[in-house]
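[1] Need a 3D model of the sequence below.
(2 chains)
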Amino acid sequence: MNERESLFRRLSAPSGGHGAEAAGPLPEGAPTAAPGDVVARFAETFTAAGGFLLRGPAEAALSDLGEMLRAEGVTSLFFPDDDPVGREVAEALVPFGPFTLTTAAQVRGGSAEVTAGFRTAEAGIAETGTIVETSAGGKTLLPGLLADVHVSIVPISRVVARMEEALSPLASDMPRNISFLSGPSKTADIEQTLTVGAHGPKKAIALLLA
Amino acid sequence: MELNANAFARNARKALSDKTLQEALGRTTGRFEAHRAAAVAGFPGFEAARERASAVKIDVLDHLGTYLGRFIEEAEKRGAVVHVARDAVQAREIAARIARDEGVTLAVKSKSMASEEISFNEALEAAGVTVVESDLGEFIIQLAGEPPSHIIAPAVHKTREEVSLLFERHLGEPRTDSIPELVGMARKHLRAKFLSAGMGVSGGNFLVADTGSVVLVTNEGNGRMGTVLPRVHLAVVGIEKVIPRMADLPTFLRLLPRSASGQTISSYVSILTGTKRAGDPEGPERMHILLLDCGRSAILEGKYREILKCIRCGACLNACPVYQSVGGHAYGWVYSGPIGAVLTPLLVGLPEASPLPDASTLCGACAQVCPVKIPLPDFLLELRSDARDQGLKTPGEIAGMKGYAGVMKRAGLLEAIERIAGVLGQFFTKGKGIAGLPYPFSGWTERRDFPAPAAQPFRKQWKIRRGVRG
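    Got it, this is the predicted structure:
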């Protein structure tokens, strides 16, 4: 008898649970959806999570974004090959700083540049201020993973109220990776002092597009 | 991890006289507690979520075989390979074999308490694999050669000066007292490891049965790095971490970060399902999931089964007056605080950890904060009584407790003793405490004075007070 069968024998003995599929009625879930405008709520929660929110695509937003990136010392911008909106925003930013365009492959190769990664989000969650990115359809996750600054482009039509609404369309055909990104990478492991940029982006920016 | 739980009293004494540790504990546990309280107050649905999570977990315990079977089926359908280990020895063998078969020489690991249970790192090092801890706190204590001291803040006992010394010695970095600079040094060093490692090792906060997913919750992003970049992903997870449905996950995600650190949500949640799909530009080509029994199925059969509801948030640690005073190392194994005082004896056997259930004042704070409503104080009491039944208590303690119970059950006798003690007490102690009693009472008086008996019995005082207040 292999270990797996042996485990199941141990587990089924006391509970007699084989064949039982779903739980009985469960207590109601938490009331989390605040009524009202989910986009306004998202703006609030994303900021509370430590992110910076801009509303685009006006010239003013690009100029603000350029300034933020310069302040972080960013010199290179990259975006997924198959993300036309990400490309458009990154290219439009070039005149706002001494920025050059680079590729995800170069960044993965260990580029010494300070980078900003651009990517269109699959969803925004108002409940938690979360950007949802997935690998569904062969999309890359590197801009939100390796970059020093992550710029998420969030079409307002993709902002949902709660985590449930973000997950349920994905559950029928799960991709390898669903990532919830809420604010910058943080650590408080040294003396409980909150510090950004432990491994992932030091700054998380969301550009809301109508 | 080496087991040293029977030395709790000695470990605790050492911790109490360790100035650096006391300073670090003072700085941290109170802050965790305050953040948690604020997060819970800001979320009116907390109690409802708690009820629901507890009910879901009880359903899981009732049908663990079913849900685990579904999890394995769904995960393997999507390319993962699932392994099952009965005990730590088997788990180490399997982990070493996976690393060898996959040709791995460098592994980056994100935090996993389950992996500490089986001494995962030693197993891989013995197989010639270098394991680098990537959670900053774990990385620091790995450099220091120490075990973690807190579930979610493993290096809580280290000051910035100590961290800088370690980085100077092991990474060749200049000394600094700037925490952001220290974080930057670790980031640079670990980024290179993430980009070159053959295998990423993770734990798992949740296993989702209906999709076969492993869910990781982190703030630093190390769990994300290690499960996107390396060619192989190995998740080491206890069998009790399964939840039935993806639809249940939000409830747990509303509870875990709030309870752990007072955050609405942690920076990163990764839901990882199978291997990279055809056409995915990154993600592991191979995914292994190592499920640990290691004593859990035996717990499931007994009266302590609800301890398996634990989601490892650490809230009970921060709420516990004993943990706040002695920190994590004193508990002598992987799990500390109230959860450790219950779980450790159950996983390693009560004779190996019999002092731990006594490391509690039974104040009940742990049960109040537990997000899945585990009756921790009840379990602590029950374990004390098991310890007596198993002959793990001294005759003096048993006799003392019997005598105490005999008196407390008889109000008249108690009052008579209190009267006599009151008179003698006033006469001999002059209202000061009693010190230097002989064995078996020396266990009490060698560390603090026994309070002097009151002049009047409790029941009399009570009557007077009630009379005064009408």
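[2] how many neighbours does the residue of the stretch 301-450 of chain B found nearest chain A have?
    Distances between the stretch 301-450 of chain B and chain A by CB to the nearest CB are smallest at residue B:301, namely 4.4 Å. (Glycine included, C-beta is placed from N, CA and C.) Taking other CB atoms under 10 Å in any protein chain shown as the criterion, the count of residues near residue B:301 is 13.
[3] what about it, distance to residue A:4?
    19 Å (CB to CB, to the nearest Å).
[4] swap in residue B:50?
    Taking CB to CB, one finds residue B:50 at 33 Å from residue A:4.
[5] hey, where'd the strands end up in chain A?
    Secondary structure of chain A, counting by DSSP state E: strands at A:52-55, A:76-78, A:100-101, A:115-120, A:123-125, A:130-134, A:149-155, A:159-160, A:177-181, A:186-187, A:195-196, A:203-209.
[6] Within its sheet, name the partner strands of the fifth one and how each one runs.
    Yep, that's strand A:123-125 we're talking about. Strand A:123-125 pairs in its sheet with strand A:130-134 (antiparallel), strand A:159-160 (parallel), by DSSP bridges.
[7] ok and the longest one relative to strand A:115-120, angle-wise?
    For strand A:130-134 and strand A:115-120, the angle between their directions (axes from the mean of the first three to the mean of the last three CA atoms, to 10 degrees) works out to 80 degrees.
[8] who touches strand A:130-134?
    For strand A:130-134, the external contacting residues (CB atoms under 8 Å, 6 or more residues apart in numbering or on different chains) are A:45-46, A:49, A:119, A:121-125, A:139, A:141, A:144, A:152, A:154, A:163, A:166, A:170, A:175, A:177-182, A:204, A:206, B:265, B:269.
[9] now swap in stretch B:71-83 and tell me
    For stretch B:71-83, the external contacting residues (CB under 8 Å, 6+ apart) are A:3-4, A:174, B:94, B:98, B:207-214, B:242, B:273-275, B:286-291.
[10] Just the buried residues from those residues, in PyMOL please.
    To isolate the buried ones among those in PyMOL, judged by 16 or more other CB atoms under 10 Å in any protein chain shown, type:
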select buried, (chain A and resi 174) or (chain B and resi 94+98+207+208+209+210+211+212+213+214+242+273+274+275+286+287+288+289+290+291)
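[11] picking that back up, now the strands of chain A as JSON lines including distance to residue B:163?
    Output for those, formatted as JSON lines (distance: least, CB to CB, whole Å):
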{"stretch": "strand A:52-55", "distance to residue B:163": "29"}
{"stretch": "strand A:76-78", "distance to residue B:163": "31"}
{"stretch": "strand A:100-101", "distance to residue B:163": "36"}
{"stretch": "strand A:115-120", "distance to residue B:163": "27"}
{"stretch": "strand A:123-125", "distance to residue B:163": "35"}
{"stretch": "strand A:130-134", "distance to residue B:163": "31"}
{"stretch": "strand A:149-155", "distance to residue B:163": "26"}
{"stretch": "strand A:159-160", "distance to residue B:163": "40"}
{"stretch": "strand A:177-181", "distance to residue B:163": "27"}
{"stretch": "strand A:186-187", "distance to residue B:163": "12"}
{"stretch": "strand A:195-196", "distance to residue B:163": "12"}
{"stretch": "strand A:203-209", "distance to residue B:163": "24"}
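[12] Mean pLDDT for the ones you listed - can I get that in a markdown table?
    Putting these into a markdown table (pLDDT from 0 to 100) gives the following:
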| stretch | mean pLDDT |
| --- | --- |
| strand A:52-55 | 95 |
| strand A:76-78 | 96 |
| strand A:100-101 | 95 |
| strand A:115-120 | 97 |
| strand A:123-125 | 98 |
| strand A:130-134 | 98 |
| strand A:149-155 | 97 |
| strand A:159-160 | 96 |
| strand A:177-181 | 98 |
| strand A:186-187 | 93 |
| strand A:195-196 | 94 |
| strand A:203-209 | 96 |
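[13] can you list the weak-confidence ranges in the chain?
    Because you didn't say which chain, this covers chain A. A:1, A:13-36 (pLDDT under 70).
[14] nope, chain B please
    B:149-153, B:430-431, B:440, B:468-470.
[15] okay, now the domains of it?
    The record assigns chain B these domain ranges, following automatic domain parsing: B:43-297, B:395-466.
[16] neighbours around the residue of the stretch 151-300 of chain B found nearest chain A, how many?
    Closest approach between the stretch 151-300 of chain B and chain A, counting by CB to the nearest CB: residue B:221, at 3.2 Å. Residues lying near residue B:221 (other CB under 10 Å) number 29.
[17] Not counting sequence-adjacent ones, nearest residue to it?
    In space, and not counting its chain neighbours, residue B:221 is closest to residue A:200: 3.2 Å by CB to CB, 6 or more residues apart in numbering or on different chains.
[18] Are we agreed that residue B:270 is in a strand?
    Yes: membership of residue B:270 in a strand is supported by DSSP: H, G, I helix; E, B strand; the rest coil.
[19] Residue A:204 versus that one, what's the distance?
    Distance of residue B:270 to residue A:204, computed by CB to CB: 16 Å.
[20] cool, and residue B:380?
    Where residue A:204 is concerned, residue B:380 sits at a distance of 42 Å (CB to CB).
[21] And the two? Which one has more around it.
    Set side by side, residue B:380 and residue A:204 show more neighbours around residue A:204, with 26 against 22, by other CB under 10 Å.
[22] got a list of what the more buried one touches?
    With CB under 8 Å, 6+ apart, residue A:204 has these contacts: A:49-52, A:131, A:149-150, A:152, A:181, A:183-184.
[23] mind redoing it with 6 Å?
    Counting by CB atoms under 6 Å, 6 or more residues apart in numbering or on different chains, residue A:204 makes contact with A:51, A:150, A:183-184.
[24] Just send the strands paired with strand A:123-125 back as TSV, with mean neighbour count and distance to residue B:368 too.
    TSV is the format used below for the strands paired with strand A:123-125 (neighbours: other CB atoms under 10 Å in any protein chain shown; distance: least, CB to CB, whole Å):
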stretch	mean neighbour count	distance to residue B:368
strand A:130-134	25	29
strand A:159-160	23	33
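[25] Run through the helices of the stretch 101-250 of chain B in chain order.
    Along the stretch 101-250 of chain B, counting by DSSP state H, counting those that start in this stretch, helices occupy B:113-117, B:120-126, B:136-144, B:160-171, B:179-196, B:222-228, B:249-261.
[26] Indicate which one of the ones you listed is closest to residue A:92.
    With CB to CB as the criterion, residue A:92 lies closest to helix B:222-228 of the helices of the stretch 101-250 of chain B, at 28.0 Å.
[27] Just give me how far the closest one sits from the chain centre.
    23 Å (CA atoms, centre = their mean, to the nearest Å).
[28] what's the neighbour count on residue 206?
    Picking chain A for this. Residue A:206 has 26 nearby residues by other CB under 10 Å.
[29] not what I meant, chain B
    Residues near residue B:206, counting by other CB under 10 Å: 23.
[30] surely it meets residue B:215?
    Yes: counting by CB atoms under 6 Å, residue B:206 touches residue B:215, with 4.1 Å between them.
[31] Quick check: nearest residue in space to the most centrally placed residue in chain B, chain neighbours excluded?
    Residue closest to the average C-alpha location in chain B (CA atoms, centre = their mean): residue B:335, at 4.0 Å. For residue B:335, ignoring the flanking residues on the chain, the nearest one in space by CB to CB, 6+ apart is residue B:343 at 5.0 Å.
[32] With residue B:221 as the reference, measure out to the closest residue to residue B:186 other than its chain neighbours.
    With sequence-adjacent residues excluded and distances taken as CB to CB, 6+ apart, residue B:186 is closest to residue B:136, at 5.5 Å. Distance from residue B:136 to residue B:221, counting by CB to CB: 11 Å.
[33] just residue B:181 next, same as before
    To residue B:221, residue B:181 is 19 Å away according to CB to CB.
[34] can you check residue B:380 too?
    Residue B:380 is 37 Å from residue B:221, by CB to CB.
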